[in-house]
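J.: Structure for this input, please:
(chains A, B, C and D)
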There are 2 protein chains.
Amino acid sequence: MPDAPCVARMTPRRAFTREGEEARRAALIAATLDLIAEGGPQAATVRAIALRAGVTQGLIRHYFASKEELTAAAHEALMTELTEASAARLDQMSDTHAGRLAKFVADAVSPPVTAPRAVSLWAASMHLVARDPHMRAVHEATYLAFRDRLERLIRDALAEAGRFTGDSRDLAIAANALLDGLWIEAGALPELFSPKQLKSIAIKVLSRLLQISLPEV
Amino acid sequence: MPDAPCVARMTPRRAFTREGEEARRAALIAATLDLIAEGGPQAATVRAIALRAGVTQGLIRHYFASKEELTAAAHEALMTELTEASAARLDQMSDTHAGRLAKFVADAVSPPVTAPRAVSLWAASMHLVARDPHMRAVHEATYLAFRDRLERLIRDALAEAGRFTGDSRDLAIAANALLDGLWIEAGALPELFSPKQLKSIAIKVLSRLLQISLPEV
DNA sequence: GCGGTAATTATGCAAACGTATAATTTCAAA
DNA sequence: TTTGAAATTATACGTTTGCATAATTACCGC
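T.: Just a heads-up that it's a prediction; the model follows:
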């Protein structure tokens, strides 16, 4: 289909309101992420993004120099979203370190951001990350931040039980892998796992691995 | 750039040989997978695929009714490739069940198919899988086959040590998640992990989890 | 050697893509 | 109320995409 009619206008121009830069950027980023999550990178065309965001495609160019720039902004927003989803919850409640660890682990395999969307977006980001150095840096930093948090929680929980280990790093890597694996499999094959099941497996396995009693949450 | 010159031919038609259906299909599928692994689904255009496979684009339509059909064939080939990569190795060597389990686990986090390529392809497949029911079925079957194999190995290894457990299913899910997580993280951030480190973590953690002594391999 | 068949190349086409730019409309300041 | 700048829409352009079809050429059976 050609882009637009080539004749004189009959209908009036569509009305619009000025929402301001921040709101528009956020809307465009949200639209981009939604489309990628639903249909992969291919689905996030400038026209589809504009439609989803409730604007016309020209506006994209007004706020982002290129589609690539919008994509990068969307990736960064996703990483922030994922990080904050776990960071926010951690600071609240639980008196014991074991309790905090259990809560953290349980949250990681529960729908914070609903799993299929997050996993789908994460998968899409892989290809971008592979080539763009800046995206790669953001990705790596996000991973390491999560892992470091996990390592600290593990060390604290062990210390609480009077145990000290030299390989908390390796334990954190493994625990992180376990959580990622569960998260991804649940996202890829949602009907194969119930949220409750995931949580219980994660807690059970981790407590056995650390030889610590972790409370159900 | 327009597709092709619009004038009379000066240069002779490029020479070709008839390779036969099987070879051509395989070449086209391989080219598709390579391109997707390198540049994501967007990179696998019919023209790029044809170029990579050493043919012209018309031939694609001759062997596949549509690009979608080629994509589906490529996905199925990938799943087979991944499955066979682990199946082949399992049948060889090791006298004890613990040894076989250790070997299986070590292979799962080593480059059989080199990790970044496999992980990249796996990520790309997520979006296809989400919408196409047939692809979804293939994906699920592949996952379950791997997990079942793992479960059997775990049960055998435990039995060998005189232990019997009712939750070998959950252990298999967790072990599978651990392996997937390590595999994916190594593929996404290759410079953060050495192959040796991955192997040692996987073995160490699994032996601690199962409370079985697993040999290094 | 010699056709004839089908594998393969060459070319064309409409739609969709990202980008560029001109034309309008909103809204706040004056 | 008017006006001017910025936000937004509308349109256009050149490329690339997937698909279709016509033109050629390799190769097998005779």
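J.: what pLDDT does A:Ala108 get?
T.: pLDDT recorded at A:Ala108 is 90.
J.: whoops, A:Ala4 was the one
T.: 58.
J.: again with the one 10 residues further on
T.: Looking at A:Arg14, its pLDDT is 93.
J.: Pull the number of nearby residues for the residue in chain A that DNA strand D sits nearest to.
T.: Using CB to the nearest atom of the strand, the single residue of chain A nearest to DNA strand D is A:Gly58, 2.5 Å away. Where you see a C-beta, it was placed from the backbone N, CA and C, and this is true even at glycine. Residues contacting A:Gly58 under the criterion other CB atoms under 10 Å in any protein chain shown number 9.
J.: Contact partners for it?
T.: Going by CB atoms under 8 Å, 6 or more residues apart in numbering or on different chains, A:Gly58 touches no other residue.
J.: I'd like the distance between it and A:Phe16.
T.: From A:Gly58 across to A:Phe16, the span is 11 Å (CB to CB, to the nearest Å).
J.: any idea how chain A splits into domains?
T.: A:16-64, A:71-210 (automatic domain parsing).
J.: Next, the distance between the ends of the shortest one.
T.: Which is domain A:16-64. One end of domain A:16-64 sits 20 Å from the other (CA to CA, to the nearest Å).
J.: That domain and DNA strand C, are they touching?
T.: Yes: against DNA strand C, domain A:16-64 shows contacts by CB under 7 Å from any atom of the strand at A:Phe16, A:Thr17, A:Arg18, A:Ala44, A:Thr45, A:Val46, A:Arg47, A:Ala48, A:Gln57, A:Gly58, A:Ile60, A:Arg61.
J.: Quick check, central residue of chain A?
T.: A:Leu82 (3.6 Å; CA atoms, centre = their mean).
J.: That one: what secondary structure?
T.: helix (DSSP: H, G, I helix; E, B strand; the rest coil).
J.: That one against A:Arg117, yeah?
T.: No: if you go by CB atoms under 8 Å, A:Leu82 and A:Arg117 don't touch, sitting 10.9 Å apart.
J.: Show me what the longest helix along chain A is packed up against.
T.: Ranked by residue count, the top helix of chain A under DSSP state H comes out as helix A:133-160. The contact analysis (3 or more CB pairs under 8 Å, 6 or more residues apart in numbering or on different chains; DSSP states H and E) places helix A:133-160 against helix A:67-90, helix A:97-108, helix A:115-131, helix A:168-188, helix A:195-210, helix B:168-188.
J.: residue ranges with poor pLDDT in chain A?
T.: A:1-10, A:88, A:90-92 (pLDDT under 70).
J.: Get me the contact residues on it for DNA strand C.
T.: Going by CB under 7 Å from any atom of the strand, the residues of chain A near DNA strand C are A:1-3, A:12-13, A:15-18, A:44-48, A:57-58, A:60-61, A:66-68.
J.: Buried among these? Need that as a selection in ChimeraX.
T.: To isolate the buried members of these in ChimeraX, using 16 or more other CB atoms under 10 Å in any protein chain shown:
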select /A:44,46,48,60
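J.: Now, the residues of chain A next to DNA strand C that are in helices?
T.: A:Val46, A:Arg47, A:Ala48, A:Gly58, A:Ile60, A:Arg61, A:Lys67, A:Glu68.
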